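S.K.: kindly return the folded structure for what I paste below:
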Amino acid sequence: MSEAVYRERDFRLFIAVRVVSTLAVMIQSVAVGWQVYDMERTPLALAWVGLAEFVPMFLLTLPAGAVVDHTDQRKVLAAAFVIQAVSAALLLALSVAQVRSAWAFYGVIAVFGIARGFYGPSAQSLLAFLVPPERLPRYIALNSSAYQAAVIAGPAVGGLIYALGPLVTYGTCLVAFCIAAVATLTYGGRRNQPRTGDQPSPVERVREGLAFVFSRPVVLGAISLDLFAVLLGGAVALLPIFARDILHVGPQGLGVLRSATAVGATCTALLLARYPMKHDSGRKMFAAVALFGIATIVFGLSRNMYLSMGALIVLGVADQISVFVRSSLIQLATPDAMRGRVSAVNMLFIGASNELGEFESGITASWFGTVPAVVLGGIGTLIVVAVWMRLFPALRTVDRLDSVLPHR
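M.R.: Coordinates of the predicted model:
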């Protein structure tokens, strides 16, 4: 491919947009979590936030993946940013009107979930079209480090901005999403190649994507490991409760706790970009997920702010190693024609582990108490690691990441 196709400028702009939009998402998340929990004072309120975002994302992600493989990812991604801007505008309107009904906020979060359904497949598949294939693992690590840097700054900035009031908070998010939408339309890179002959129906395209994932044990194992491990180890979803009622550190402390995980993840991503993983990738990934479960248990039992921060930093280190290996394997094992749909399946599982994990954490916290719910979730993650190592030996024994390239 010529340099006219792969421009460094496109990757840099992609990173800038990722940082700006992620900052906005994190800032908005801190504000919504604090507002809703302040209204309801129950873990169930946080559970409903996660469910409200998950349901529309679950319904739309697979169809969105088929759309992405059939059209220009740039347009789909820009549309997702526009919908996110609409959700920020609606949250701003609720705050101006001083609405005290949590259900109104759940409705707006559902709008944000619609955006997530289109954002995931388009953003994840687009990176492979912007950079040379041989550099993809390195760029995945750089992209991940930029994302994690935004995750670090976002909650802390969100806690500080929220001190100025929700109007400033949601107004900042609105502007950021609008900037991201405009910038996305300027990307270069490769384009989807139009199919010749008979075109499959949307349902058939979705079925093709699912069939591909389930026919590749390495891909299926990597995607499903994230779903079940993070679904059970969802301590982050309960951070507002820890900040207010257990550690007593307020909204600023909540922002710091939300950032701690990303501190570990960012440092790890930068190291992986500088020193790529060369051997024994599968076993290292499973070891990282086990460490994730242990860190979750330590966090759940901690009553000290510094120990809690340390546990979350370790959790971020472990999660980033797992994310790097899984993302690289999925991207390298997927041909261009299937990227949107495979990314859709991956994002559906990630969304289930995150948003549905928030719902699961809120429900179990309301049943067993916040601390037991987190500890049990960490134990569940360790059990998942043991089971998945037996179910997916091909994933466990992956050595070099590029050994899963489709032509091999």
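
S.K.: who are the packing partners of the helix or strand where residue 87 lies?
M.R.: Residue 87 belongs to helix 73-96 when assigned by DSSP states H and E. Secondary-structure packing of helix 73-96 (3 or more CB pairs under 8 Å, 6 or more residues apart in numbering; DSSP states H and E): helix 8-40, helix 43-70, helix 102-130, helix 166-184. To be clear about C-beta, it is placed using only N, CA and C from the backbone, and glycine gets the same treatment.

S.K.: buried residues in that helix?
M.R.: Using 16 or more other CB atoms under 10 Å as the test for burial, helix 73-96 gives 73-74, 76-92, 94-95.

S.K.: by mean pLDDT, which helix or strand of this protein comes out lowest?
M.R.: Within the chain, confidence by mean pLDDT, DSSP states H and E is lowest for helix 339-351 among all helices and strands, at a mean of 69.

S.K.: test my guess that residue 208 contacts residue 342.
M.R.: No - using CB atoms under 8 Å as the test, residue 208 is too far from residue 342 to be in contact (9.9 Å).

S.K.: so between the two, which is more surrounded?
M.R.: Taking other CB atoms under 10 Å, residue 208 and residue 342 do not tie; residue 342 has more neighbours (27 against 17).

S.K.: quick one: that one from residue 209, how far?
M.R.: If you measure residue 342 against residue 209 using CB to CB, to the nearest Å, the figure is 6 Å.

S.K.: swap in residue 305?
M.R.: Separation of residue 305 from residue 209 (CB to CB) stands at 44 Å.

S.K.: looking only at neighbour counts, state which of those two leads.
M.R.: For the pair residue 305 and residue 209, the greater number of neighbours falls to residue 209 (24 against 18), based on other CB under 10 Å.

S.K.: the more buried one contacts residue 344, doesn't it?
M.R.: Yes - if you go by CB under 8 Å, residue 209 and residue 344 touch, sitting 6.4 Å apart.

S.K.: which neighbours do the two have in common?
M.R.: Common contact partners of residue 209 and residue 344 (CB atoms under 8 Å, 6 or more residues apart in numbering): 62, 65, 66.

S.K.: now the buried members of these.
M.R.: 62, 65, 66.

S.K.: possible to save those as JSON lines with distance to residue 376?
M.R.: Formatted as JSON lines, those follow (distance: CB to CB, whole Å):
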{"residue": "62", "distance to residue 376": "31"}
{"residue": "65", "distance to residue 376": "33"}
{"residue": "66", "distance to residue 376": "37"}
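
S.K.: and which of these is nearest residue 373?
M.R.: When those are compared for distance to residue 373 (CB to CB), residue 62 wins out at 29.9 Å.

S.K.: could you check how far the closest one is from residue 106?
M.R.: Using CB to CB, we find residue 62 at a distance of 23 Å from residue 106.

S.K.: ditto for residue 28
M.R.: Separation of residue 28 from residue 106 (CB to CB): 14 Å.

S.K.: higher neighbour count, those two?
M.R.: For residue 28 and residue 106, the more surrounded residue by other CB under 10 Å is residue 28, and the numbers stand at 26 against 17.

S.K.: list the contacts of the closest residue in space to that one that isn't next to it in sequence.
M.R.: Spatial nearest neighbour of residue 28, excluding adjacent residues (CB to CB, 6 or more residues apart in numbering): residue 173 at 4.7 Å. Going by CB under 8 Å, 6+ apart, residue 173 touches 24, 25, 27, 28, 88, 91.

S.K.: check residue 385 too.
M.R.: 225, 229, 286, 289, 290, 293.

S.K.: give me the neighbour count for the last one.
M.R.: Residues near residue 293, counting by other CB under 10 Å, number 22.

S.K.: sec struct for it, please.
M.R.: helix (DSSP: H, G, I helix; E, B strand; the rest coil).

S.K.: where does the stretch 301-408 of the chain dip in pLDDT?
M.R.: 347-361, 402-408 (pLDDT under 70).

S.K.: can you give me the helices for it?
M.R.: For the stretch 301-408 of the chain, helices defined by DSSP state H, counting those that start in this stretch occupy the ranges 305-333, 339-351, 357-368, 370-391, 393-396.

S.K.: point out the most buried one among the ones you listed.
M.R.: Mean neighbours per residue, mean count of other CB atoms under 10 Å, is largest over those for helix 339-351, with a mean of 26.

S.K.: give me phi/psi at residue 369?
M.R.: Backbone torsions for residue 369, taken as degrees, to the nearest 10, come to phi 100, psi 150.

S.K.: the closest residue to residue 260 other than its chain neighbours and residue 373, how far apart?
M.R.: Nearest residue to residue 260, sequence neighbours excluded (CB to CB, 6+ apart): residue 312, at 3.8 Å. In this view, residue 312 and residue 373 are 16 Å apart by CB to CB.

S.K.: just curious, which of the shared contacts of residue 209 and residue 344 is nearest to residue 102?
M.R.: Nearest to residue 102 among those is residue 62, at 29.3 Å by CB to CB.
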